[in-house]
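Enquirer: what would the 3D arrangement of this be:
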Amino acid sequence: MLQKTSLLILLFVVIQQNKNNMFISIIHNLYKRNPHVRDSVRYNILALEESKIDYQYILFNDKGDKEIYDDVKDILNNNTEYYYSKQNYGKGKGTGGWLGALPLVKGDIIHNMGQDDVFTKEFYIQAKEAFKNKDIMFFSCNGMYADDDLNQKGPMIYIEHKPDYSKPLDIFQGWFGIQNNIITRTNNGLLAPGTLYRIELHELIGKPEPHNFGGACDFEYWSRILFNEYKGYYENMPMWLYRVSEFSTSQQEDDFKNNIAPNQQKIKEKYQKLWSEKMQ
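Expert: All right, here's what the predicted structure looks like:
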């Protein structure tokens, strides 16, 4: 009887540990074949393995170069999946595959990243610690610029920058430069590739909208989280690498200007209306 009771207690402990363990779904956006994709995937998987976090790694090709599969096929396993989309969601932008990959997600935490980004073990360990607080709905951290060979070139945001995301509406007002209840700018203070969020936000505030906001859809989604006053955690130490190279974006400069500016304006118009209603 004592042995049976001990086994039941052990089973209960294992179940509780599994319930409390973070299960993360990585959406690694692919579009343009380049020599950095394979090692970015390998570095990220190594970081996840070393952090001892349960994960699902989704390599989502947003109707881009089909040859990318040849570079990653030997990496695929039970945790790492490859999908080629028949629909192009992002027109070459890193955020594009976000919406297309969402039906594939199995985890309770989502991490959307660009195809050349490299994350560290410390990034995932720190995120796991932050999400132990049930009030924290997203985690973000500073990043480090790097060259093709991942030589670090300096932080993306100065280290002294320590915004308090436990006060989401204050951060929202800072992003949009609100003066006399008028939005003066749309200025993303949160680095999307360095951000993880709880999947339950999709039920609470809806999903990201690349079809409405194009390459600016990540900023619009973080704005929506803050506007609805969900709390997050920000770590100012750089714990991921943003590789700056000729492969960083697949859009031409003219396309970038024509695409992003109108979308930023649509975001400004959307939240000006919502902010005015909120302040009434």
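
Enquirer: check which helix or strand covers the residue nearest to Q56 when sequence neighbours are not counted.
Expert: Closest residue to Q56 apart from its sequence neighbours, by Cβ to Cβ, 6 or more residues apart in numbering: S25 at 4.6 Å. The C-beta positions use only the backbone N, C-alpha and C, and glycine is treated the same way. Secondary structure from DSSP states H and E places S25 in strand 23-30.

Enquirer: how many residues are close by Q179?
Expert: Neighbour count of Q179, defined by other Cβ atoms under 10 Å: 9.

Enquirer: what ranges do the strands span in the stretch 51-200 of the chain?
Expert: 54-61, 80-84, 109-113, 118-119, 136-141, 144-146, 152-155, 195-198 (DSSP state E, counting those that start in this stretch).

Enquirer: from the chain's centroid, how far away is the first one?
Expert: The chain centre lies 13 Å from the centre of strand 54-61; the measure is Cα atoms, centre = their mean, to the nearest Å.

Enquirer: separation between K134 and R198?
Expert: Separation of K134 from R198 (Cβ to Cβ, to the nearest Å): 9 Å.

Enquirer: show me the shaky parts of the stretch 101-250 of the chain.
Expert: 188-193, 248-250 (pLDDT under 70).

Enquirer: can you give me the helices for it?
Expert: Under the criterion DSSP state H, counting those that start in this stretch, the stretch 101-250 of the chain carries helices at the ranges 121-130, 168-176, 201-205, 210-213, 217-227.

Enquirer: give me whichever of those is most buried.
Expert: helix 217-227 (a mean of 23; mean count of other Cβ atoms under 10 Å).

Enquirer: list the contacts of that one.
Expert: Applying Cβ atoms under 8 Å, 6 or more residues apart in numbering, the contact partners of helix 217-227 are 95, 98-99, 112, 137-138, 165, 168-169, 171-172, 175-176, 186, 188, 190, 192, 195, 197, 201, 205-206, 208-210, 212-213, 232, 263-264, 267, 270-271, 274-275, 278.

Enquirer: distance to K52 for the helices of the stretch 101-250 of the chain - can I get that in JSON lines?
Expert: Below are those laid out as JSON lines (distance: least, Cβ to Cβ, whole Å):
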{"stretch": "helix 121-130", "distance to K52": "9"}
{"stretch": "helix 168-176", "distance to K52": "30"}
{"stretch": "helix 201-205", "distance to K52": "25"}
{"stretch": "helix 210-213", "distance to K52": "33"}
{"stretch": "helix 217-227", "distance to K52": "28"}
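
Enquirer: tell me who's in contact with the residue nearest to Q56.
Expert: S25 neighbours (Cβ under 8 Å, 6+ apart): 55-56, 58, 104-107, 109-111, 199.

Enquirer: and if we set it to 7 Å?
Expert: Contact partners of S25, counting by Cβ atoms under 7 Å, 6 or more residues apart in numbering, are 56, 58, 105-107, 110.

Enquirer: brilliant, that's me finished.
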